Structures are given as C-alpha cells and as structure tokens.
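> Here is my input; please provide its structure:
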Amino acid sequence: MIAEELANRLLEAAKARGAMVTTAESCTGGMLGAAITDIAGSSAVFERGFLTYTNAAKEEMLGVSAATLSAHGAVSEEVAREMAAGALARSHADLAVAITGIAGPGGSDNKPEGRVCFGLAQANAPLHAETTDFGPLGRSAVRQFSVQNALMLLIEALETPRA
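Numbering: from 1, shown residues only. Purely as a prediction, here's the structure:
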C-alpha cells in the first residue's frame, strides 16, 4: 500500500513539473517500474525502465564501466551513479533513478545482505548516490523497501525547487 501511495505522489509531482521518469533496476527486478505503471495515467510520466540484473547488462544497456564494476562491485554507489547517468542518457526522461543491491539471502562482511545503493540523475544537476542498509529482513522486504526508497528519491527531486 505504501508503494502505491508513493507512486501516486510521484505521478502528481512529475505531472506538475512536466517531467518524465526512467528507472534502472537490478535487485528489484522491475518492481519499481511495476509500482509506477500500476497507477492509471502513468504513461504521462514514465518513459521507460531498464532491467539490468547482470554486470553485462549494466555495461551493455547503461554504459556502466567495466573498470567501475571491477573496482567497486555491482553493489556500490559508484555503479549506482553510472546506472542512473546511463539511464538518463539512454532515454528521453528528465529524471532517472537506479537501484543495485543485495536483497538476500547471502552477502558478505563488506557487503551484507540488505545493502542497497541508489543513484539519481537529472539534467543540469549533480549525480546523487546513497546507500541504505536495510538489514537481513528477507529478500521480499528488502526489495519492497528499496522500491519505496527509490520512489521517495524521485519525489524529493521533483518537489525540491531548483535554483
């Protein structure tokens, strides 16, 4: 229910700004795009979604650098930034959000289960990235919280006045 409320709020904010949105998803497997397109009228603001589950897909579809993947791993703010920038560059959208993480089970000491990195790109603005450690809540919960967080990032970007 929360994702539906956030998706409705995103649609309202994007329509008010006349903005189109694109998504680049890894660990959420298209759940973010589905949450947005579950709302009637989403075609007015949702331009496209990239589902890039493998490193090869991230490189081929979004232009993520093999060097970045090698140096930092797929679950990193560096990769999230490149995913968002690539989605923005390869779409007709005004705003892009990216999600890459470890939904579980599994993980490591350096990258534990529940760690998710988000990237945000928009024209004429610096790239933004952040990491959230949701913890070992289980695959489904981590993915749901990731969708909610990504929706909030988009909403905040659209509702924040530009200088």
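> Next one: Val97 from Thr132, what distance?
Using Cβ to Cβ, to the nearest Å, Val97 is found at 13 Å from Thr132. For glycine as for every other residue, the C-beta is placed from the backbone atoms N, C-alpha and C.
> Next, show the common contact partners of those two.
When Cβ atoms under 8 Å, 6 or more residues apart in numbering defines a contact, the residues bordering Val97 and Thr132 alike are Phe118.
> Those two - which one has more neighbours?
Per other Cβ atoms under 10 Å, whichever of Val97 and Thr132 has more neighbours is Val97, with 29 against 15.
> Next, the contact list for the residue lying closest to that one once chain neighbours are set aside, please.
Nearest non-adjacent residue to Val97, counting by Cβ to Cβ, 6 or more residues apart in numbering: Ala150, 4.9 Å away. Ala150 makes contacts with Thr23, Thr28, Leu32, Val97, Ile99, Phe118, as judged by Cβ under 8 Å, 6+ apart.
> Find the residue at the geometric middle of the chain.
Nearest to the mean C-alpha position of the chain, counting by Cα atoms, centre = their mean, stands Ala98 at 2.6 Å.
> what kind of secondary structure is that one in?
strand (DSSP: H, G, I helix; E, B strand; the rest coil).
> Contact partners for it?
When contacts are counted by Cβ under 8 Å, 6+ apart, Ala98 touches 23-26, 62, 80-81, 83-84, 87, 118-121.
> And Pro105, by the same measure?
Glu113, Pro136, Arg139.
> ditto for Ala57
Applying Cβ under 8 Å, 6+ apart, the residues near Ala57 are Leu51.
> So what's the residue count around Gly107?
16.
> same question but for Leu69, I mixed them up
18.
> correct me, but it touches Glu59?
Yes. Leu69 is within contact range of Glu59, at 7.2 Å (criterion: Cβ atoms under 8 Å).
> picking that back up, closest to Ala44 out of the contacts of Ala98?
Ala44 lies nearest to Thr23 out of the contacts of Ala98, by Cβ to Cβ, at 15.7 Å.
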